[in-house]
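Q: what shape does this take:
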Amino acid sequence: MTSMKSFLPTLFLGVLLTGTVAAQDKNLAESYYHFALAKMHSLDKQYADANVHYQKAIELNPNSAELHVQYALSLWESQNIREAVLQCQKAIEMDADDPAPHYLLGRIYVAFKESSQPNMLDKALAEFERVIELDKNHAAALDALGRLYVAKENWAKASQVFGQLNRVNPGYSNAYYLRGVAELRLGNPQEAMKVLEAAVQAQAAEIDHLKLLGSLYLQFRMPAKAAETLRLASETDPRDPQIKLELAKALRQTKKYPEAMEILGELVKGETDAEFDATVEMAQIQAVTGRRQEAIENFRKALEMKESEEFRPLILGNLGLVYQDSGQHEKAIESYRQAVDLQPESVENRLRLVYALKEAGKTQEAVDQAGEMMRAKGDQDDVIIAYSQVLAANGQLEKGVAVLTENATKKSDAERFALAASQIYIEHKKYDEAEKAIRRALEQKPDSLNLLFQLGAVLERQEEYTDAETNFKKVLEKEPGHAGVLNYLGYMLADRGIRLEEALGYIKKAVEIEPYNGAYLDSLGWAYFKLNQFEPAELHLKQAAQIVVDDATIFEHLGDLYRKLERYGEAGAYYEKSVSNAKETDERKRVQSKLNGVKKLLAQQRQ
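A: Predicted coordinates for the structure are as follows:
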C-alpha cells in the first residue's frame, strides 16, 4: 500500500479546496485528512474505502465543489454511475463556472454511449461544449469533443475543434491527423495536405500522418514530395509493406526506376499483401525502360493472382500497350478486346483498341469502332480526335479534318483540334495545310507553347530551319525544360551536321529529363555519330533500339554507324530491320539502297 507519510504532505500542498471556513479550522483540517486518505485508496483502486473517506470529507466541508468532483470520479471508477452523475450535478450547482464537473460528466456519458439510455453522445457533446465555453484552452475537452464530432461524422465541427486544439497544443499529433481526415471527408484534400504539412513542421507527425500525406502527394501528382515523405515513413517503420509500395510508386513517377525496382523486388519475393500491386508496378517500370518481355510476364502473372479480379481491365489495357510497343499488334488488339468486354463503358481501353487497329492496318474496323464511340460519347474530345485520325488513315482525309473543324467551333478551347488537324496533314505530307491550321489557332492563342512547338515541327518538315528554330526558342524562353523542344531542336541541328556541340547540349538536357525516352536516346546517339564519337553513339543508339523496337530510323542510324565502322555484317542486319519497319516507300527505297551497298562491301571484305 502507498506510504501515508510520503503521500499526505505532497497531497496537502497540491490540492486546492474551496469553502468559507478558515484554513486553521479543525473541520477543514479533518476534511483534508479524509480527502488525502480517499485519494490514497483510489490510487490503490480500493474504491469502496475511498468513497467512505470522500463522504466524510464532504460532511466536514460540504461547500467544496472540488470534493464533489473527486468523489464523482471515484464513484464512476467503482461503477456507481448514477451517484457519480448526481455528485457532478451538485458540483455544478455550487460553482457554475467550474469546467471540471462538466468535463467529468462528458467522460461518463461517452463511456456509456452504448447503454440503453438514449442520446448519450449528445449529452457528452453538450458537456464538452460547456467546458470550452468556460475554458477555451481546455486541451482534453477539445480532444474529446473533436472525437465525438468524428463519431457523429460532423466533419466541419471536427475540423474546427481540432484546429483549435492545434493552436492550444501545437505538439499534439492526433489533432493534426484527425483534422486532416475531417478535411478529406469534407472534400478538401488540399486543406488536408496543409494540415498534415503543419504537423511535419511542428515535429508532431507520426507514421499515420506521413502515410496519409504521402498518399495525398501521389494523388495530386507531387511525386517528389511523396517520395520524401514516404521515405521518412519507411525509415520510421521499415517493415510496413504498404509504405514501401507507395514509396516505390513515388519513385517510379519521379523516374528513379532502379531504386523503385529494388523495393519492388523485395515486395514480390516476400509473402505480403502488397505482392499483387508490387508486381503491377514492376511491370510498368519494365515497360517504360524497354524490358518489355519481363513486363509482359509480370502483367500476365498479375492477371493470375486472385487480387486481379477488380483490376483486370486496367491490367489488360497496360498489357496491350506493351504488346503494341513491342510491335505485337494482334496480341495488343486481343488484350484491348478483353478489357473492353469486361468494362464496356471504359473510353480509355476502347480508344486504345481503335489506335491498335489503325496501327495494324485494320483501318475500316478502326473507323467502325470509333464511329460507334462517336454515337455514344461524341461530346468527348479524345473520341472526336480518334475518329478523325482513323478516318484519315482509312483514306478519308478531308472527312477526318471536317470532323475536327466542325467540333472545334463548338468548343471554347479549340487548340487540341487544331493540333490534331495539323498532325493529320503532316502524316499525309500536306505541310502547307498543317501550317495553316496551326497559324489559325495561334491567332486565338498566340502564347500557346503546344502550338508554337507544332509550328516549329511543321516548318522543319518544310526545311524552313531558321523559322523553325525561332519558334522552338520561343518555347524554350518560357519553358527551358521542355524536353520535346530540346530534343527536336538538337536533332534538327545534328542531322544537318551544324553547331554539333550546341545540338548535343540540347539533347543531353532532354535525356536528363526523360532518360528512358527512346526517341531522345536516338537523337543523342546520332549527335555523337555526327561528332565522330562512335562509342557513345553506339551505346545510346542501342539503348534506343531496345526501348523502341520497331522504329525504322533508329535501325537506319545503327546501320550507318556500323557501316562507318566497317562492320558491314552488323550494318546490313540493322538496314534489313529498317527496311522491314519502314512505313513509307521513299524511306524503304533509301535504306534498301544502303543495304545493297553494304552487301557489296561485305562481299568485298570477305574476298
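Q: which one is Arg185 nearest to, not counting chain neighbours?
A: Using Cβ to Cβ, 6 or more residues apart in numbering and skipping residues adjacent in sequence, the residue nearest Arg185 is Trp155, 4.3 Å away. Quick note: C-beta positions are derived from backbone N, CA and C, even for glycine.
Q: now do Tyr387
A: In this structure, Tyr387 finds its nearest non-sequential neighbour in Ala370, 4.1 Å apart by Cβ to Cβ, 6+ apart.
Q: on the three-state scheme, the closest residue to Thr289 other than its chain neighbours is what?
A: With sequence-adjacent residues excluded and distances taken as Cβ to Cβ, 6+ apart, Thr289 is closest to Tyr516, at 5.1 Å. On the three-state scheme (DSSP: H, G, I helix; E, B strand; the rest coil), Tyr516 is labelled coil.
Q: could we number from 37 for the rest of this?
A: Got it, first residue is 37 now, which makes that one Tyr552.
Q: rewinding a little: quick check, pLDDT for the residue nearest to Tyr423.
A: Each residue has a pLDDT score; the one for Ala406 is 97.
Q: in what helix or strand does the residue nearest the centre of the chain lie?
A: Nearest to the geometric centre of the chain sits Leu254, at 1.9 Å (Cα atoms, centre = their mean). Secondary structure assignment for Leu254, by DSSP states H and E: helix 243-255.
Q: residues in contact with the next helix or strand after that helix: which ones?
A: Note on helix 243-255: by DSSP H and E, the next helix or strand toward the C-terminus is helix 259-272. By Cβ atoms under 8 Å, 6 or more residues apart in numbering, the surrounding residues in contact with helix 259-272 are 236, 242-243, 246-247, 249-251, 253-254, 276, 279-280, 282-283, 285-287, 289-290, 292.
Q: let's go with 10 Å and repeat that
A: Residues from elsewhere that reach helix 259-272, judged by Cβ atoms under 10 Å, 6 or more residues apart in numbering: 229, 232-233, 236, 241-256, 258, 276, 278-292, 295-296, 299.
Q: any of the residues you listed buried? List them.
A: Neighbour-count burial (16 or more other Cβ atoms under 10 Å) applied to those gives 229, 232-233, 241, 244-254, 258, 276, 278-290, 292, 296, 299.
Q: could you point out the longest helix in this protein?
A: Using DSSP state H to define each element, the chain has its longest helix at helix 621-642.
Q: which strands and helices lie in contact with that one?
A: Here helix 621-642 touches helix 588-600, helix 604-617, going by 3 or more Cβ pairs under 10 Å, 6 or more residues apart in numbering; DSSP states H and E.
Q: next, the buried residues of stretch 528-543.
A: So for stretch 528-543, counting by 16+ other Cβ under 10 Å, buried means 528-530, 536, 539-540, 542-543.
Q: now, which of these lie within strands?
A: Of the buried residues of stretch 528-543, none are assigned to strands by DSSP state E.
Q: and which of those is nearest Glu479?
A: Met528 (25.5 Å; Cβ to Cβ).
Q: name the element the closest residue to the closest one other than its chain neighbours belongs to?
A: Of all residues not flanking Met528 in the chain, Glu496 sits nearest, at 5.5 Å (Cβ to Cβ, 6+ apart). In the assignment (DSSP H and E), Glu496 maps to helix 485-497.
Q: next, the buried residues of that helix.
A: Within helix 485-497, the residues scored as buried using 16+ other Cβ under 10 Å are 485-496.
Q: repeat for stretch 558-573
A: For stretch 558-573, a neighbour-count test (16+ other Cβ under 10 Å) marks 558-567, 570, 573 as buried.
Q: next one: stretch 377-387
A: 379, 382, 385-387.
Q: contacting residues around Gly526?
A: Taking Cβ under 10 Å, 6+ apart, we find Gly526 in contact with 508, 535-536, 538-547, 556, 559-560, 562-563.
Q: an error on my part: the question was meant for Glu500.
A: Counting by Cβ under 10 Å, 6+ apart, Glu500 makes contact with 467, 471, 492, 494, 506-507.
Q: biggest separation within those, which pair?
A: Tyr467 and Thr506, at 17.1 Å, using Cβ to Cβ across these.
Q: now the helix or strand where Asp85 lies - C-alpha only, CSV.
A: According to DSSP H and E, Asp85 maps onto helix 83-96. Extracted C-alpha coordinates of helix 83-96, given in CSV (Å, rounded to 0.1, in the frame of the first residue of the first chain):
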residue,chain,number,x,y,z
TYR,A,83,-12.8,2.5,-4.3
ALA,A,84,-15.1,1.4,-1.5
ASP,A,85,-12.7,2.7,1.1
ALA,A,86,-12.1,5.8,-1.0
ASN,A,87,-15.8,6.5,-1.2
VAL,A,88,-16.2,6.3,2.6
HIS,A,89,-13.5,8.9,3.2
TYR,A,90,-14.9,11.2,0.4
GLN,A,91,-18.2,11.1,2.2
LYS,A,92,-16.5,12.1,5.5
ALA,A,93,-14.5,14.8,3.8
ILE,A,94,-17.7,16.3,2.2
GLU,A,95,-19.5,16.1,5.6
LEU,A,96,-16.7,18.2,7.1
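Q: quick revisit: which of the helices and strands packed on helix 621-642 is buried the deepest?
A: Among these, ranked by average contacts under mean count of other Cβ atoms under 10 Å, first place goes to helix 588-600 (a mean of 22).
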